[in-house]
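Visitor: Here's my sequence, what's the structure:
(chains A and B)
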2 protein chains.
Amino acid sequence: MRALRALRPRRLPAGRAMAAAAAAAATGPGPAPGSGPGGGRGPVLTPGTMNPAVRRVEYAVRGPIVTRALQLEQDLRQGVPKPFTEVIKANIGDAQAMGQKPITFLRQVPGAGVGDNGRGHGGDTPVSGRGPRRPGAERVPPQVTALCLYPELLTEPSIPEDAKDRARRLLAACGGQSAGAYSASPGIELVRQDVARFLQRRDGVPAKPQDIFLSTGASDAIVSILKLLVSGSGGSRTGVLIPIPQYPLYSAAIAELSAVQLNYYLDEEHCWALDVAELRRALAEGRRHCCPRVLCIINPGNPTGQVQSRQCIEDVIKFAFEEKLFLMADEVYQDNIYAEGSAFHSFKKVLFEMGPPYSEVVELASFHSVSKGFMGECGFRSGYVEVVNMDPEVQQQLAKLVSVRLCPPVPGQILLDAVVDPPQPGDPSYELFIAEKQAVLSTLAHKARLTQEIFNRAPGIRCNPVQGAMYSFPRIELPPRALAAAEAQGQAPDMFFCMKLLEETGICVVPGSGFGQREGTFHFRPGASPCLYPRMTILPPTEKLQVLLEKLSSFYAKFVKEYS
Amino acid sequence: MRALRALRPRRLPAGRAMAAAAAAAATGPGPAPGSGPGGGRGPVLTPGTMNPAVRRVEYAVRGPIVTRALQLEQDLRQGVPKPFTEVIKANIGDAQAMGQKPITFLRQVPGAGVGDNGRGHGGDTPVSGRGPRRPGAERVPPQVTALCLYPELLTEPSIPEDAKDRARRLLAACGGQSAGAYSASPGIELVRQDVARFLQRRDGVPAKPQDIFLSTGASDAIVSILKLLVSGSGGSRTGVLIPIPQYPLYSAAIAELSAVQLNYYLDEEHCWALDVAELRRALAEGRRHCCPRVLCIINPGNPTGQVQSRQCIEDVIKFAFEEKLFLMADEVYQDNIYAEGSAFHSFKKVLFEMGPPYSEVVELASFHSVSKGFMGECGFRSGYVEVVNMDPEVQQQLAKLVSVRLCPPVPGQILLDAVVDPPQPGDPSYELFIAEKQAVLSTLAHKARLTQEIFNRAPGIRCNPVQGAMYSFPRIELPPRALAAAEAQGQAPDMFFCMKLLEETGICVVPGSGFGQREGTFHFRPGASPCLYPRMTILPPTEKLQVLLEKLSSFYAKFVKEYS
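Guide: Numbers count the residues shown, from 1 in each chain, chains lettered A, B, ... in the order given. Below is the predicted model:
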């Protein structure tokens, strides 16, 4: 309807239609000169007049393939026959959408006579009404988020005092003792203190509440920091070094802010490792046409799943010191480490362990979130950034900038507090909390291995170990005729493959080109086959993931036959 | 500590200190030419190199006066003697921070043996532990937000089926049936449908879910729409017409996006009315140096509290049609109408009642929020924009733009659903809901009148009727010597007054210059005295508000004596 109406010439009052027709030829923003009141009255905002920086923004994780997946889901609901019974959305790291149950301590109210709803942790048990209670569930105090949102429960005698104390402490820190009031713009002061304590425990180096800014998910904080850093025009525009493959928030924000994206390529042959020589190459190239000032690191990697070694982080910090770059460390997957021998090292810990001059000079912003890890609380939109060695006046400007949006969502801030201040041994809720957390993380570790195994069994598919995060990013060789077939349909080869996969199997993955890739990946090069990289989460329940991986492998075998 | 460290020269490795000292003289972004690796290693991000657009941003509602108020609160807590016992923050429209109790239906769980916590609606009863239950409170179903966040309650036999049905309906629309999953980027489809139905009931004209984009508070949606509209450079930059006085989100967003702010002045002598002749003047002036494309209206007014007549809205729409302007209607105070004879008319309703060509051509974005109205749920950060007559391709670009931040907070979306789909007569929760809603709104109406009365009794203070919204914006004449005294302290006269008020009485209001004002308001003009305008909310509980108004009046009388 909308589209049709847009194609129709708009009705105009008598006498204006002619003027409108004449003025319609003139494009570009602004009133057509001499058009006078009402003359040339087409829409103000058109693809031609809109913000060109917004036009340049791309965000593959929710692109056309996801739109098609939603349509297919609707078709299925309406009984349209399809070669599959369910669309499996492996396009996004959304644990609870894949059936992972919220961690009890973070959210739920198993007291007051109600318990487990029968969904398993790790997403492995489908929603199936009320299941048997876990032993000991009755002992678990209704947790902090619930008590804060419904303070009436504070008068309930059956609720243990330790839970009430936690909630009272947080509520006392809220305006009017209510989660419905705005908080301070950088977040509730008490939560910032708890985050600082959490970081101090994690890193063994001091952390200050005033260096922590809570945010509406990590994305919000990442964009705020980039906003501060972007300046200049023409050859003095800020250049931002990002890994390729990257998480497309970075390219989207860089486009929107009219900064310059500078790609450094991760080394696929070495498990997507970051190589400082490659950083140096990208920087030198960037210096020819812009002013590189920012280096973004994603560790553990999204979409590539690699976990950086301590040595590599140290090298990166030295590089940033020497080349005068501001470091942005996206560490939202810090809890998601699966590979043996891999460990998470925070940039801040390594920076401080390196000592002066690094620890006193190198500027660092490190990001975290409640959406990933073992929590998977994406819907709450909660995260934070810690800034290190930031110029105090700039930090005041950051505080001012975030104040314009008033504050991050308070329910998410409260949930974050429960994440950074979890139950301790001896607390009534400790045993269940730690059991649930371990269950989620060990299931993910199992699924990471499973993914790698099944993919590497399939001829033509090669998958690096998923050392961390939540995604596999396998390399799939393209059969020779697939390139031409994709071209004939006006699609990139990986979009062609992923769309066919979706239509035939119901599996929704994101074409790797949305994450960036080396030039020429699709093209024949001496000694190399053209290939594509779908990003897919390892979050579906184990059995469903196994089916998905096998379906994908056999779809690919068929695809190879068809296009060889 | 931070500030001190910043003043200290940073320690550099041996041999680099000289190079650093030399390079320190060179300012501006980018590597100092020939500085080489590690040379000239000051911070990357400094006040001089940061984004100049961010530097230009100002946001008075949370500016220096609020920072000082927070310090004073801390002083009081630590027993530092002050001439007052409490800081009253009348700087921001934050109902629950002022003691207003959340509307039961929207949030609470009065079932399961717990009830009213003793805080009154309208913010008039201080928090005082558990009070007596309201009659009939037991019949109220635990409402939708609670059930959605804690689905375990769905198995609780004591909870009425109608509440469970609502919650099941919303949960079925969430990924994995969990509020912890991401929603679609423009919001949960079902909530968008409910918003569309709400708008259809309100306006009597069609509304479509695909034209509704949920957001992280109205601020988020306002910035998204402005982002689309901003383009050009130099003389072709987008000009945005905003009222003066305005809500400073507008000036802040315009500064950040490097658009051009075009002021049109509301008519204080006629109760802050909008005059189209003044719009015309501002537009003509703007056309001399930029490309005006957007007209922002705040109705009911913030900070000015006026409610636009239907005729005025029609005139504005004609003006936008004739002058080819995109309309942004900030209607977040649509429930807050107090003056007799005033009524809220939505821009969309008037637009459609005007019929073609207006209804088919004029582009409109209308904003709403759960933070204001009778709800006051600021902490949840939830709102939406409805776009009307937007170019379909631009609308797709908007959908893409919002997808980069994944989705608005889901708890806020669920709360919004309860706001747009409230209990109906006959529903178990209807009576309490409507009683609470009326109590909040009638208390606000009472406080609006009280404010006007007390202020207009004081010589030198003149206050227009607070017809709507949540603020008074009284005009206060400056005694002759106050100007010089302010100047001596390097402060704007209104900051001087408001800071003195805060230090002596604990009352925190925002200096009006943060909302913009006519040039020369502080200066002597023939026939006019210099004056200042503090913005203050009418949200404190009635008795506290009365004390506040009287304290302010008597502080002013003293101030006049001191500086005459």
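Visitor: Mind checking what secondary structure residue A:221 has?
Guide: At residue A:221, secondary structure determined by DSSP: H, G, I helix; E, B strand; the rest coil is helix.
Visitor: shouldn't it be in contact with residue A:387?
Guide: No. If you go by C-beta atoms under 8 Å, residue A:221 and residue A:387 don't touch, sitting 9.7 Å apart. For glycine as for every other residue, the C-beta is placed from the backbone atoms N, C-alpha and C.
Visitor: List the backbone torsions phi and psi for the closest residue in space to residue A:346 that isn't next to it in sequence.
Guide: With C-beta to C-beta, 6 or more residues apart in numbering or on different chains as the criterion, residue A:346 has its nearest non-adjacent residue at 5.6 Å, and that residue is residue A:203. Taking degrees, to the nearest 10, you get phi -100, psi -20 for the backbone angles of residue A:203.
Visitor: what do you get for residue A:332?
Guide: According to degrees, to the nearest 10, the main-chain angles of residue A:332 amount to phi -70, psi -20.
Visitor: in the sheet, who's paired with the closest residue in space to it that isn't next to it in sequence?
Guide: Of all residues not flanking residue A:332 in the chain, residue A:369 sits nearest, at 4.3 Å (C-beta to C-beta, 6+ apart). Applying DSSP bridges to residue A:369 gives these bridge partners: residue A:383.
Visitor: which residues touch residue A:369?
Guide: A:217, A:218, A:332, A:382, A:383 (C-beta atoms under 8 Å, 6 or more residues apart in numbering or on different chains).
Visitor: what's the answer for residue A:373, then?
Guide: Contacts for residue A:373 (C-beta under 8 Å, 6+ apart) come out as A:332, A:333, A:334, A:335, A:336, A:419.
Visitor: okay, now the first one: neighbour count?
Guide: Counted with other C-beta atoms under 10 Å in any protein chain shown, the burial measure for residue A:332 works out to 28 neighbours.
Visitor: likewise the fourth one?
Guide: Neighbour count for residue A:335, taken as other C-beta under 10 Å: 19.
Visitor: Tell me the confidence at it?
Guide: On the pLDDT scale, residue A:335 is placed at 95.
Visitor: Spatially nearest residue to the closest residue to chain B within the stretch 401-550 of chain A (excluding sequence neighbours)?
Guide: As assessed by C-beta to the nearest C-beta, chain B sits closest to residue A:410 within the stretch 401-550 of chain A, at 3.4 Å. Closest residue to residue A:410 apart from its sequence neighbours, by C-beta to C-beta, 6+ apart: residue B:379 at 3.4 Å.
Visitor: Double-check that the one you found belongs to a helix.
Guide: Yes. Assessed by three-state DSSP, residue B:379 belongs to a helix.
Visitor: Quick one: low-confidence residue ranges for chain A.
Guide: A:1-40, A:104-147, A:150-153, A:156-163, A:517-529 (pLDDT under 70).
Visitor: What residues does the stretch 251-400 of chain A have near chain B?
Guide: Contact residues, the stretch 251-400 of chain A versus chain B (C-beta under 8 Å from any C-beta of the partner chain): A:252-253, A:256, A:287, A:291, A:293-294, A:321-326, A:356-357, A:360-361, A:363, A:376-381, A:389-395, A:397, A:400.
Visitor: can you give me the strands in the stretch 401-550 of chain A?
Guide: A:461-462, A:471-472, A:475-477, A:507-508, A:510-511, A:531-532, A:534-537 (DSSP state E, counting those that start in this stretch).
Visitor: Direction included, what does the first one pair against?
Guide: Read it as strand A:461-462. Its sheet considered, strand A:461-462 pairs with strand A:475-477 (antiparallel) by DSSP bridges.
Visitor: Cross-check the contact I'm expecting between residue A:414 and residue A:148.
Guide: Yes. Applying C-beta under 8 Å as the test, residue A:414 and residue A:148 come out as touching, 4.9 Å apart.
Visitor: Now the common contact residues for the two.
Guide: Any residue near both residue A:414 and residue A:148 by C-beta under 8 Å, 6+ apart counts here, and that gives A:170, A:179.
Visitor: Strands along the stretch 51-200 of chain A, start to end?
Guide: Assigned by DSSP E, counting those that start in this stretch, the stretch 51-200 of chain A shows strands spanning A:88-89.
Visitor: Walk me through the domains of chain A.
Guide: For chain A, automatic domain parsing gives the domain ranges A:1-50, A:60-94+A:437-562, A:103-177, A:189-420.
Visitor: Name the single longest helix found in chain A.
Guide: As assigned by DSSP state H, the longest helix anywhere in chain A is helix A:430-457.
Visitor: That one packs against which elements?
Guide: Secondary-structure packing of helix A:430-457 (3 or more C-beta pairs under 8 Å, 6 or more residues apart in numbering or on different chains; DSSP states H and E): helix A:104-107, strand A:461-462, strand A:471-472, helix A:542-562.
Visitor: at 6 Å what do you get?
Guide: If you count contacts as 3 or more C-beta pairs under 6 Å, 6 or more residues apart in numbering or on different chains; DSSP states H and E, helix A:430-457 packs onto helix A:542-562.
Visitor: roughly how far out does the helix it packs on sit from the chain middle?
Guide: Centroid displacement of helix A:542-562 relative to its chain, using C-alpha atoms, centre = their mean, to the nearest Å, is 26 Å.
Visitor: contacts for it?
Guide: Helix A:542-562 is contacted from outside by A:88, A:124, A:447, A:454, A:458, A:479, A:501, A:505, A:507, A:540, using C-beta atoms under 6 Å, 6 or more residues apart in numbering or on different chains.
Visitor: Next, the angle helix A:430-457 makes with that helix.
Guide: Inter-element angle recorded for helix A:542-562 and helix A:430-457: 20 degrees (by axes from the mean of the first three to the mean of the last three C-alpha atoms, to 10 degrees).
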